[in-house]
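Chemist: Task: produce atomic coordinates for the following.
(one chain, ligands or ions: 1)
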Amino acid sequence: MRQRNVLIPTMREVPAEAEAASHKLLIRAGYIRQLAAGIYSYLPLGWRVLRKLEGIIRDEMDRTGAQEILMPAMQPAELWHESGRYSLYGPELMRLHDHNGREFALGPTHEEVVTTLVRDHVTSYRSLPMTLYQIQTKFRDERRLRFGLLRGREFLMKDAYSFGLDWESLDQSYQAMFGAYQRIFTRCGLHFRAVEADAGSIGGEGGTHEFMALADIGEDTVISCSECDYAANLEMAEAAPEEHSAARANEAGGSAAPSAAGCEPFATPGIKTIEQLVQALNIGADQLLKTLIYLADGEPVAVVVRGDHEVNEIKVKHYLHAEHIELADEAAIVKATGCPAGFIGPVGLSIRLLADREAASVASGIAGANKTDMHLRHVVPGRDFPLDHIGSFRNVREGDLCPRCSGALTARRGIEIGHVFKLGTKYSDSLGAELTDATGKAARIIMGCYGIGVSRLLSAVVEQRHDEHGIVWPLSIAPFHVHLIPVSVQDGTQMELTHKLYARLQELGIEVLMDDREERPGVKFKDADLIGIPLRIVIGKGAADGRVEYKERDGGSQAELSADEAVERIASQIRQLTP
Ligand code: 9G3
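Modeler: Below you'll find the predicted structure:
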């Protein structure tokens, strides 16, 4: 294509509202434009990349035998009532009414729609196992809009759903999707990890994995082992149980050593935080027992962790089988404990108490006394407060030991680009999707669901593949393969060679963007670096001798070549693309 006519509104200055590198670059390089908060138009370059991503996804989905369909975005609200999810998803579910006043939801996902499709139109067990997928626009009225395409309100998702009669076939579908995701993200040039994850509100009985593109802008934290392949979202991650430094407590002999007498109060006027306590008492935070008060479905619950650990709310929520959990506010704390925040402790509480396993193994610690300006020393878990609920309630930390091999755990930020779930019969139960199986028995259909954030993927690649000049696309998903740049469009010799090359490359099916604008060379090269097309041919002075400059955007090779050599170099790179 001739750049003069292509809509690529590049910008020099960085848009104020953009924070993430990918958001800044996709706007500056003219790939996307915001229509409203979290709602974007894909301009020609952005749309070309999106279609490349879809192409790779379709290729790998079809390879697994999954069948592509397209379901409506407009979903009757009745479906969401039937599945019981209408009230679960409050304001995030975009709702509208038709001219008859009938309520619809704009689909944030399609479990309800696809389950009724299979319920009503798959009549024989012989048709299973079956996997259906679509690439379709989703609507979610997110409150926290983040970083351009990384979290929007209208976005492109590939969502697949597998159907089978037994758990074995679900495992097979799950593994097939898992493998397809690894091939997809590899072909997109991403650096990613599959991690054990929390099923969240989607529920379902089986496991679930998230695929995380490693990037510092990511909202999630990926915990992985440096020695084995253990990897988990921080929400789920576990560490090997740490033997408490009880010996240290005894050595200290001081305030933390256990004493037969029992725990004793001591004045700590105005000392409220862990840091202040550590300073004042000159002890390690691991000898403190930190107690936080939560409301689990409105019910006050105390959680005790070691002073050097953080509570993991997802683990607490799962342990309590609660739908909703939040930190109690000051009023709820006083109501639950009779004491203001800062002096809360596990001794003498009347509400349910969850003790993290490593807090329970503190030999003797310091804790709030549930009295203003008072703390307790020589607190012995099990003696001074009950250990009815011991579990894993803390976030693992960098440096903790792997639960599998005791290697060191590391933490990286990640962008969730894919999520695969074993749903089980959650939706076939609520929507009545069942079949008569080979033995004539009625069998509930067992499902899995598998998502890829396609538009989010575009940003994730840019987050991982950019430099100070702009985007550095991999050849597999770049908007064009080659950027053809004549230094001066007024120079007849240069333009003759440029057109010859343009025609030759197009004949070979190579996608070329020719910069035929009347711009100064510097502007053309800056724009080319910003747009990030991986292969570049510059036609300048050497044109008279049929010589051109070949350059790879990712800083690979750069060479003065004959036009034919340049075409051959490019053609060989393209040939390596086909999987
Ligand atoms: C909603 C709203 C937001 C949602 C959902 C429902 C996330 C919802 C989870 C999933 C699970 C899988 C199929 C593809 C893979 C992911 N946000 N989820 O169900 F009504 Cl407003 O979407 N769905």
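Chemist: Near the ligand, which residues of the protein? Just list them.
Modeler: The chain comes close to the ligand at residues 89, 92-93, 108-109, 140, 159, 202, 419, 449-451, as judged by CB under 6 Å from any ligand atom. In this view, the C-beta of every residue, glycine as well, is placed from N, C-alpha and C.
Chemist: does whichever residue of the chain sits closest to the ligand have beta-bridge partners, and which?
Modeler: Here the chain gets closest to the ligand at one residue, residue 451, 2.5 Å apart by CB to the nearest ligand atom. Taking DSSP bridges, one finds residue 159, residue 419 as the beta-bridge partners of residue 451.
Chemist: Which residues are in contact with it?
Modeler: Residue 451 makes contact with 109, 157-160, 418-420, according to CB atoms under 8 Å, 6 or more residues apart in numbering.
Chemist: now with 6 Å?
Modeler: 157, 159, 419 (CB atoms under 6 Å, 6 or more residues apart in numbering).
Chemist: go on, residue 290?
Modeler: Residues near residue 290 by CB under 6 Å, 6+ apart: 305, 307.
Chemist: So which residue is dead centre in this structure?
Modeler: The centre of the chain sits closest to residue 416, judged by CA atoms, centre = their mean, with a distance of 1.4 Å.
Chemist: hang on, it in a strand?
Modeler: Yes. Remark: residue 416 belongs to a strand, assigned using DSSP: H, G, I helix; E, B strand; the rest coil.
Chemist: Does it touch residue 210 like I think?
Modeler: Yes. Counting by CB atoms under 6 Å, residue 416 touches residue 210, with 5.1 Å between them.
Chemist: the helices in the stretch 101-250 of the chain, which residues?
Modeler: 111-121, 167-187, 246-252 (DSSP state H, counting those that start in this stretch).
Chemist: quick one: which of the contacts of residue 451 is nearest residue 125?
Modeler: Distance ranking of the contacts of residue 451 against residue 125, using CB to CB, places residue 159 first at 24.1 Å.
Chemist: mind checking pLDDT for that closest one?
Modeler: Per-residue confidence (pLDDT) for residue 159: 98.
Chemist: Near it, how many other residues are there?
Modeler: As a burial measure, residue 159 scores 23 neighbours (other CB atoms under 10 Å).
Chemist: going forward can the numbers begin at 23, since that is how I track them
Modeler: With 23 as the first residue, the last one maps to residue 181.
Chemist: how far away is it from residue 98?
Modeler: Distance, residue 181 to residue 98, using CB to CB, to the nearest Å: 18 Å.
Chemist: swap in residue 260?
Modeler: 42 Å.
Chemist: neighbours of residue 289, just the number please.
Modeler: Residue 289: 10 neighbours (other CB under 10 Å).
Chemist: Tell me how far it lies from residue 368.
Modeler: Computed as CB to CB, the residue 289 to residue 368 distance reads 19 Å.
Chemist: Excluding sequence neighbours, find me the nearest residue to residue 515.
Modeler: Once flanking residues are discounted, residue 515 sits nearest to residue 565: 4.8 Å by CB to CB, 6 or more residues apart in numbering.
Chemist: hang on, that neighbour packs against residue 516?
Modeler: Yes. Applying CB under 6 Å, one finds residue 565 in contact with residue 516, separated by 4.5 Å.
Chemist: Select only the buried ones of the residues of the chain next to the ligand in PyMOL?
Modeler: To isolate the buried ones among the residues of the chain next to the ligand in PyMOL, judged by 16 or more other CB atoms under 10 Å, type:
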select buried, resi 115+130+131+162+181+224+441+471+472+473
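Chemist: Pick out the lowest-pLDDT one from the residues of the chain next to the ligand.
Modeler: Among the residues of the chain next to the ligand, residue 224 has the lowest pLDDT, at 64.
Chemist: Tell me which residues touch residue 54, please.
Modeler: Taking CB under 6 Å, 6+ apart, we find residue 54 in contact with 48, 62, 64, 68.
Chemist: Considering the residues you listed, which possesses the most neighbours?
Modeler: Highest neighbour count within the contacts of residue 54: residue 48, with 27 neighbours (other CB under 10 Å).
Chemist: That residue looks like it's in a helix, true?
Modeler: Yes. Counting by three-state DSSP, residue 48 is part of a helix.
Chemist: quick one, what contacts residue 140?
Modeler: By CB under 6 Å, 6+ apart, the residues touching residue 140 are 185, 455.
Chemist: pLDDT value on it, please?
Modeler: For residue 140, the predicted pLDDT is 97.
Chemist: and the gap between it and residue 446?
Modeler: Residue 140 is 15 Å from residue 446, where distance means CB to CB.
Chemist: likewise residue 332?
Modeler: Noted for residue 332: a distance of 32 Å to residue 446, by CB to CB.
Chemist: So the two - more neighbours on which side?
Modeler: Neighbour totals were compared for residue 332 and residue 446, and residue 446 leads with 19 against 15 (other CB under 10 Å).
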